[in-house]
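J.: sequence and predicted structure below; questions after.
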Amino acid sequence: MLSKQKIVTLGLQHVLAMYAGAVVVPLIIGGALNLTPAQIAYLIAADLFTCGIATLLQVIGTRYTGIRLPVVLGCTFTAVGPIIAIASTSNLATAYGAIIVSGLFVVLAAPLFGKLLRFFPTVVQGSVVTIIGLSLIPVAMNNAAGGQGMPDFGSSRNLLLALGTLAIILFINRFFTGFIRAISVLLGLVAGTVAAYMMGMVSFASVAEASWFSVVEPFYFGTPQFSIVAMLTMVLVNIISMAESTGVYFALGKVTETKVTDQDVVKGLRGEGIAIVLGGIFNAFPYTAFSQNVGLVSLTGIKTRDVMIGAGGLLVVLGLLPKLAALTTVVPNAVLGGAMIAMFGMVVASGIHILSQVDLRQNENLLIAACSIAVGLGSAAVPSMFDQLPTMVKMMLQNGIVTGSLTAVVLNILLVHTNKKVKQAAVPSTISEAS
């Protein structure tokens, strides 16, 4: 049993791991829509607050909702473009109306999605988890170089900071055990930030300017408005997120050695739908399971839900205390990138481990894994290949996790489910059974 102090410390580590991904969405959307600094500050506060509530709902769970695995929910990047497009052509109230409706759709569609999980045998699950990890690697490397678009991108000091942060994490994992090893990422981030401060790369101006207390209020940007096109767009976004989250649930099931059943996935998606509705009410964003935290669970070996409850509580507090939230933003991109290399690499390793349980000497399995990973990684690396397609189709296909998952599922149906001989010899349908 972990003490309260350890739960808070380990929870903070998870918050820092997902913080950049959570904060960058309101920053991008606020900047693109020319919102005032006060409005952007509200978006960040609302996002953190709702991230915390959504995480608590998902981790604690009830009889009918919540995956009850050590998962952190954050805003999905898939929604950034559509929200900007909807708000630009109409207003933010229309965007939030669409988010609320799409969240209700996820709640209602979760049971149907759960019935499709028989098309996710071990070979599909392993391929999807591998794709998730590989799709995150460019994010880690861009951060390690200082952040895409930054004037000092690729500078030697950024690369040294990233390398130093990674080296510290590896050193702690090699020579320490127990609690110290469990917080290796947090210690690496702290050490990297201190080094960056000594190099003049850390500014506390944002902390000084932030207010001490702020209350998140419903419908900050006005009463929700509804548009058929906007609602259909956000429904499509959240179908993509459902596919992503399902892959994350399977990955967590493997990491925590927990049997993830069809009903577990349904409850997880229901919880996600409720979180999306809350995002619309509090003028935040659609939420999905964050895959970067799966890597952290795997790296630290701490699999208890108590830590995620601590992380959810910290996110709620950060949403109410902007000055504390601003303090976490001083960690430089390069330092975050160094930590991400280890965390995201662990997701890839988990996917490879799952695939190791599959008989890849069987040609059908080999083709499913090879083609799905190639398509997923390829569409993520060269998204411009879909630029000539309709907007909604393009938005879906430019997501490597979605294209890779679809490829794996379709090939599994064509190569396995339509082949009686292969189907009889197929591997178990869940990760846990394969374990």
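T.: Perfect, thanks for sending it. Every value quoted in this text rests on a predicted model; they were computed, and no experiment measured them.

J.: what residue ranges in the stretch 51-200 of the chain score low on pLDDT?
T.: Low-confidence segments of the stretch 51-200 of the chain (pLDDT under 70): 78, 81, 178-179, 182.

J.: mind listing the strands for it?
T.: 73-75 (DSSP state E, counting those that start in this stretch).

J.: could I have stretch 381-400 exported to CSV, CA atoms only?
T.: Only the C-alpha atoms of stretch 381-400 are listed here, as CSV (Å, rounded to 0.1, in the frame of the first residue of the first chain):
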residue,chain,number,x,y,z
ALA,A,381,4.7,10.1,-41.6
VAL,A,382,3.2,11.4,-45.0
PRO,A,383,-0.2,12.8,-44.2
SER,A,384,-0.1,14.9,-47.3
MET,A,385,-0.9,11.8,-49.4
PHE,A,386,-4.5,12.3,-48.5
ASP,A,387,-4.8,16.0,-49.3
GLN,A,388,-6.9,15.4,-52.5
LEU,A,389,-9.6,13.5,-50.6
PRO,A,390,-12.8,15.0,-49.0
THR,A,391,-12.2,16.8,-45.7
MET,A,392,-13.8,14.2,-43.4
VAL,A,393,-12.1,11.3,-45.1
LYS,A,394,-8.8,13.1,-45.1
MET,A,395,-9.1,13.9,-41.4
MET,A,396,-9.7,10.2,-40.6
LEU,A,397,-7.0,8.8,-42.8
GLN,A,398,-4.3,11.2,-41.7
ASN,A,399,-4.5,9.6,-38.3
GLY,A,400,-1.9,6.7,-38.4
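
J.: can you list contacts of that stretch?
T.: Contacts to stretch 381-400, defined as C-beta atoms under 8 Å, 6 or more residues apart in numbering, come from residues 78, 81-82, 131, 134-135, 138, 232-233, 236-237, 240, 244, 376-380, 402-403. Placement of C-beta: from N, CA and C, glycine included.

J.: okay, buried residues for the strand or helix carrying residue 6 please.
T.: Residue 6 belongs to helix 4-32 when assigned by DSSP states H and E. Using 16 or more other C-beta atoms under 10 Å as the burial criterion, the residues of helix 4-32 that qualify are 6-23, 25-26, 29-30.

J.: helices of the stretch 201-350 of the chain, start to end?
T.: In the stretch 201-350 of the chain, the helices defined using DSSP state H, counting those that start in this stretch lie at 205-209, 228-255, 262-281, 292-300, 305-320, 322-328, 333-355.

J.: of those, flag the one that's most buried.
T.: Of all the helices of the stretch 201-350 of the chain, helix 292-300 has the most neighbours on average by mean count of other C-beta atoms under 10 Å, namely a mean of 27.

J.: just checking, what packs against that helix?
T.: helix 4-32, helix 122-144, helix 184-198, helix 228-255, helix 333-355 (3 or more C-beta pairs under 8 Å, 6 or more residues apart in numbering; DSSP states H and E).

J.: now with 6 Å, please.
T.: On a contact count with 3 or more C-beta pairs under 6 Å, 6 or more residues apart in numbering; DSSP states H and E, helix 292-300 meets helix 4-32, helix 228-255, helix 333-355.

J.: now the angle from the first one to helix 305-320?
T.: Going back to what we said before, that points to helix 4-32. 50 degrees (axes from the mean of the first three to the mean of the last three C-alpha atoms, to 10 degrees).

J.: what's the average pLDDT for helix 4-32?
T.: Across helix 4-32, pLDDT averages out at 76.

J.: tilt between that helix and helix 122-144?
T.: Going by the same axes, to 10 degrees, helix 4-32 makes 70 degrees with helix 122-144.

J.: packing partners for helix 4-32?
T.: helix 37-60, strand 73-75, helix 80-89, helix 184-198, helix 292-300, helix 305-320.

J.: OK, contacts around the residue nearest the centre of the chain?
T.: Compute the mean C-alpha point of the chain, and by C-alpha atoms, centre = their mean the closest residue is residue 290, 2.1 Å away. By C-beta atoms under 6 Å, 6 or more residues apart in numbering, the contact set of residue 290 is 18, 72, 74.

J.: could you give the bridge partners of the closest residue to it other than its chain neighbours?
T.: Distance criterion C-beta to C-beta, 6 or more residues apart in numbering; nearest residue to residue 290, sequence neighbours excluded, is residue 74 at 4.4 Å. Using DSSP bridges, the bridge partners assigned to residue 74 are residue 288.

J.: against residue 19, how distant is residue 74?
T.: 9 Å (C-beta to C-beta, to the nearest Å).

J.: what's the answer for residue 75, then?
T.: Distance from residue 75 to residue 19, by C-beta to C-beta: 12 Å.

J.: thought residue 279 was touching residue 51?
T.: No. Using C-beta atoms under 6 Å, residue 279 makes no contact with residue 51, being 9.1 Å away.

J.: who's in contact with residue 293?
T.: By C-beta under 6 Å, 6+ apart, the contact set of residue 293 is 14, 17, 18, 72.

J.: repeat that for residue 9.
T.: Per C-beta under 6 Å, 6+ apart, neighbours of residue 9: residue 183.

J.: ok, now the one 4 residues further on?
T.: If you count contacts by C-beta under 6 Å, 6+ apart, residue 13 has them with 183, 185, 186.

J.: residue 230 now?
T.: Neighbouring residues of residue 230 by C-beta under 6 Å, 6+ apart: 86, 94, 98.

J.: any idea how many residues pack against the second one?
T.: Going back to what we said before, that points to residue 94. Using other C-beta atoms under 10 Å, residue 94 is surrounded by 20 other residues.

J.: please apply the same query to the first one.
T.: By other C-beta under 10 Å, the residues close to residue 86 number 24.

J.: check the last one too.
T.: Here the number of neighbours of residue 98 (other C-beta under 10 Å) works out to 30.

J.: wait, it sits on residue 234?
T.: Yes. The criterion here is C-beta under 6 Å, and residue 98 meets it with residue 234 at 4.1 Å.

J.: ok, and what's touching stretch 316-326?
T.: Residues outside stretch 316-326 that contact it (C-beta under 6 Å, 6+ apart) are 45, 48, 49, 52, 206, 207, 210, 211, 212, 214, 216.

J.: any low-confidence regions in the stretch 251-400 of the chain?
T.: 292, 324-329, 392, 395.

J.: related to what we said a few turns ago, any chance of the contacts of residue 230 in CSV with distance to residue 152 as columns?
T.: Formatted as CSV, the entries for those read as follows, by distance: C-beta to C-beta, whole Å:
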residue, distance to residue 152
86, 34
94, 38
98, 38
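
J.: of the helices and strands packed on helix 4-32, give the one that comes closest to residue 103.
T.: helix 37-60 (10.5 Å; C-beta to C-beta).

J.: quick one, the closest one and helix 228-255 angle?
T.: Between helix 37-60 and helix 228-255, the angle comes out at 50 degrees (the same axes, to 10 degrees).

J.: fine by me, we can end here.
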